[in-house]
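Student: one predicted model, sequence on top.
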Amino acid sequence: MVKITRIDSADNVAVTYAELPAGTLVEVPGMEPFAVNDDIPVGHKLALQEIPVGAQVTKYGASIGFASQAISKGGHVHTHNVKTGLSDKQSYHYRPVAAVAEQFEWQQAQPLQVYRRSNGRVGIRNELWVIPTVGCVNGIADNIIKAFKAEADRSGVDGIYHFPHPYGCSQLGGDHERTKVMLQNIALHPNCGGVLILGLGCENNQIETFRKTLPAGADESRFRYLIAQDVSDEVDAGVALLEELYALATQDRREAGSWEDIVIGLECGGSDAFSGLTANPLIGRVSDYVVSRGGSTVLTEVPEMFGAEHILMEQCRNAEVFAKTVAMINDFKEYYLAHDQPIYENPSPGNKAGGITTLEDKSLGCTRKAGKSPVVDVIKMDERVVEPGLNLLYSPGNDIVATTALGAAGCQLVLFSTGRGTPLGGFIPTVKIATNTPLAEKKKNWIDFNAGALADPTADPDQVLSDFLTEIVAIINGKPTSAEFRNSRDIAIFKTGVTL
C-alpha cells in the first residue's frame, strides 16, 4: 500500500510522489484505502473522489479548473479531463489577509561580505563588464575581452564579461527607449566594478544620449565609452580603457554587510508538479526570512500569476499597492489581447509532462515563492527597487527576459527553481534549485541546491531551510553558482514593437 498526502484538506486531488500503476492500493489520511484506476506518472494528480463533469478540481485549497469529463475516484487527473476556469480581464476587490509572521530560528554561521559602491549601492561581485549599445559590436566586445585577458593575469577582479544582444538599432518608440534604459540599469548594477560602454557609431542607441541620460547617482569614474567607428583599432582602444577600469576595480574590497543590503529575485522555469510542493515554498520561506531582516525580494513573471493573483492581492499592504497590482495584471492581459493571443495558453509542454495541468495549477505553485510577507510595491520593468520588502515586477515569464529584468531592477542574485532543469544564467548570479531529487542527481552541473528532499515526509523542513540559507550566504560571499562556473551569462530585453 502506498501512502498519499493531499496538500490541503479541501483538495479533491493529490500529487503522486512515485509512479503508480493501475491497481495500486493507496492510503490517504482520513480516507479508506482505495485502488488507482489508471497509470499515474510521477508528479501527476490522482482523484480522491468522483469528480462530475463541470465540477471544480481543487489543489492547494483552490480551484485549478473544471472537469471536462467525469473523473472516477482513483483516476488520472490531467489535461485530457480538466480545462482552465480562467477568463479574460477581471474585476478585483481588495480583501487584505493578515499574514502570520514566521519566527525563524536559523543561526547564521558566516557574516555577509559585500562590496559597497561610492553611490551607496551594494554588490556581491566585483566584475568588469563590456556592454554593447548595439548588436553590431557583439563580436568586438568579445575580442576586446580576449585580448585584455591575454595580456596579463586578471585575477584581481571576480571576472570580466560582456553581454551580447541583438538590440540598439532599428527600434522605435517604447522598444528603443526600453533598450537604452535596461542597458543603463545593467551598467549601473553594483555587482559591476567598472563598465565599458561599446558602440558602433551609427546606431539609434547613441552613446552620447546614453551617457547624458544616466540616472542621478551614477559613478562616472567607473564608466568608459568607446565608439568603434571613431578609432583605427577598436580592440587596442578597448583594452586600454579596460586597463583603466581594472586599476580602479582591483582596489575594491569586501566588507561586512547585512540582509538590509540584499535584494533577491524570485523566479522559476521548467516547472513541474513538485515546484509548488518543494522548491517554491522553500524560496517563499527564504523571502520571508530576508524581508524579516530588512532586506528585499522581487517576484516577477506576471503571466504566471494569472489564476493566483488574488493571493498576491490579499497580501498587498494597502489599497494603493493593491490598485497597482490590479493594473499590472490587467495591463499584461491587454498585451495578450492586443496581439490577438489567448491569455491562458500556458503551461508549456514541459510543464504538462511534469504534471502541471492548467495555468491555475501552475500559478498557484509559482506564487508560493512570494511567501507570506506583505507586498510593499509594484515596479515597472525600467524601474528599480526602492521599498524594502516583497516587491512585484512587471515582466513576462520568459526565463532570460525575467532574469534580466530582475537584475536591472536591482536584484544582486536570483533564486530560480526548476523541475525539468535548465542551464540558464543571467548577468547576476542565478541560483538553480531542483524541485526533485532525480533532477538534482542527474544534472549536478546545473543545480546548486536540491529542494527535492522536502518530498520525503521524514525530512525536516527547518533543516532544509537552514542548509539553503547557508548556501545563499556562501554565494553572496563569493561562491560561484553552477551557471557562473560554466560561464552561462545572458541577457534579453522585452520587445513589443516593430523592427525597421
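Tutor: Looks like it arrived, so ask away.

Student: show which residue of this protein lies farthest from the average position.
Tutor: Using C-alpha atoms, centre = their mean, the residue of the chain lying farthest from its centre is S232. It sits 41.9 Å away.

Student: tell me the secondary structure for that one?
Tutor: Using DSSP: H, G, I helix; E, B strand; the rest coil as the criterion, the local structure at S232 reads coil.

Student: distance from the chain centre to stretch 358-378, please.
Tutor: For stretch 358-378, the gap between its own C-alpha mean and the chain's C-alpha mean amounts to 12 Å (C-alpha atoms, centre = their mean, to the nearest Å).

Student: for the record, mean pLDDT for the lengthiest helix in the chain?
Tutor: Counting residues, the longest helix found in the chain (DSSP state H) is helix 319-338. When pLDDT is averaged over helix 319-338, the result is 94.

Student: buried sites along that helix?
Tutor: Neighbour counts over helix 319-338 (16 or more other C-beta atoms under 10 Å) mark 321-322, 324-326, 328-330, 332-333, 335-336 as buried. C-beta coordinates here come from the backbone N, C-alpha and C atoms, glycine included.

Student: isn't G74 up against P33?
Tutor: No - using C-beta atoms under 8 Å, G74 makes no contact with P33, being 10.5 Å away.

Student: hmm, back to that, which pair in the buried residues of helix 319-338 spans the largest distance?
Tutor: Looking at the buried residues of helix 319-338 by C-beta to C-beta, the two members farthest from one another are V321 and Y336, with 23.6 Å of separation.

Student: would you map the helices across the stretch 301-450 of the chain?
Tutor: For the stretch 301-450 of the chain, applying DSSP state H, counting those that start in this stretch gives helices covering 309-314, 319-338, 349-353, 359-366, 399-408, 437-442.

Student: ok, and what's touching the third one?
Tutor: This points to helix 349-353. Residues outside helix 349-353 that contact it (C-beta atoms under 8 Å, 6 or more residues apart in numbering) are 78-79, 270-272, 362, 420.

Student: I'd like the average pLDDT over that helix.
Tutor: Across helix 349-353, pLDDT averages out at 88.

Student: just the helices from the stretch 1-150 of the chain, written as ranges.
Tutor: When assigned using DSSP H, counting those that start in this stretch, the helices of the stretch 1-150 of the chain occupy the ranges 138-151.

Student: so where's it uncertain?
Tutor: Low-confidence segments of the stretch 1-150 of the chain, defined by pLDDT under 70, span residues 88.

Student: rerun that using 50 as the cut-off
Tutor: Counting by pLDDT under 50, the stretch 1-150 of the chain contains no low-confidence segment.

Student: for it, which segments are assigned as strands?
Tutor: Shown for the stretch 1-150 of the chain, the strands assigned by DSSP state E, counting those that start in this stretch span residues 2-3, 13-15, 25-27, 34-35, 45-47, 56-59, 62-67, 76-77, 82-83, 112-116, 122-123, 127-132.

Student: what strands line up against the second one, and which way round?
Tutor: In other words, strand 13-15. Using DSSP bridges, the strands paired with strand 13-15 in its sheet are strand 45-47 (antiparallel).

Student: cool, the fourth one as well?
Tutor: Take DSSP bridges as the rule and strand 34-35 pairs in its sheet with strand 25-27 (antiparallel).

Student: buried residues, the strand it pairs with. List them.
Tutor: Burial within strand 25-27, assessed by neighbour count using 16+ other C-beta under 10 Å, is assigned to V26.

Student: L188: neighbour count?
Tutor: 22 (other C-beta atoms under 10 Å).

Student: next one: G135
Tutor: Look at G135: counted by other C-beta under 10 Å, it has 17 neighbours.

Student: ok, A10 next?
Tutor: Taking other C-beta under 10 Å as the criterion, the count of residues near A10 is 11.

Student: again with E360
Tutor: Other residues near E360 number 24, with proximity taken as other C-beta under 10 Å.

Student: ok, now which ones touch the residue nearest to I262 when sequence neighbours are not counted?
Tutor: In this structure, I262 finds its nearest non-sequential neighbour in G295, 4.4 Å apart by C-beta to C-beta, 6 or more residues apart in numbering. Residues touching G295, when contacts are defined by C-beta under 8 Å, 6+ apart, comprise 259-264, 388.

Student: and if you look at V53?
Tutor: V53 makes contact with 67-70, according to C-beta under 8 Å, 6+ apart.

Student: re the thing from before, dihedrals phi and psi, the residue farthest from the centre of the chain?
Tutor: phi -80, psi -40 (degrees, to the nearest 10).

Student: quick one, grab the pLDDT at it.
Tutor: 98.

Student: my guess is S292 contacts A101, does it?
Tutor: Yes - shown here, S292 and A101 form a contact pair, counting by C-beta under 8 Å, at 6.8 Å.

Student: which of these two has more neighbours?
Tutor: Relative neighbour count places S292 above the other of S292 and A101, with 16 against 12, counting by other C-beta under 10 Å.

Student: give the buried residues for stretch 130-145.
Tutor: Of the residues in stretch 130-145, those buried under the neighbour-count criterion (16+ other C-beta under 10 Å) are 130-138, 140-141, 143-145.

Student: ignore the last one, stretch 491-500
Tutor: Buried residues in stretch 491-500, defined by neighbour count with 16+ other C-beta under 10 Å: 491-494.

Student: same question, stretch 367-383
Tutor: Neighbour-count burial for stretch 367-383 [16+ other C-beta under 10 Å]: 367-379, 381-383.

Student: which among those gets closest to I227?
Tutor: Proximity of those to I227 was ranked by C-beta to C-beta; the top entry is D382 with 24.5 Å.

Student: next up, the contacts around the closest one.
Tutor: Listed by C-beta under 8 Å, 6+ apart, the contact set of D382 reads 177-178, 181-182, 185, 408.

Student: please apply the same query to S363.
Tutor: Shown in contact with S363 (C-beta under 8 Å, 6+ apart): 304-309.

Student: which secondary structure elements does the longest strand seen in the chain sit against?
Tutor: In the chain, taking DSSP state E as the definition, the longest strand is strand 192-199. Other elements packing on strand 192-199 under the criterion 3 or more C-beta pairs under 8 Å, 6 or more residues apart in numbering; DSSP states H and E are strand 127-132, helix 138-151, helix 207-212, strand 223-227, helix 234-249.
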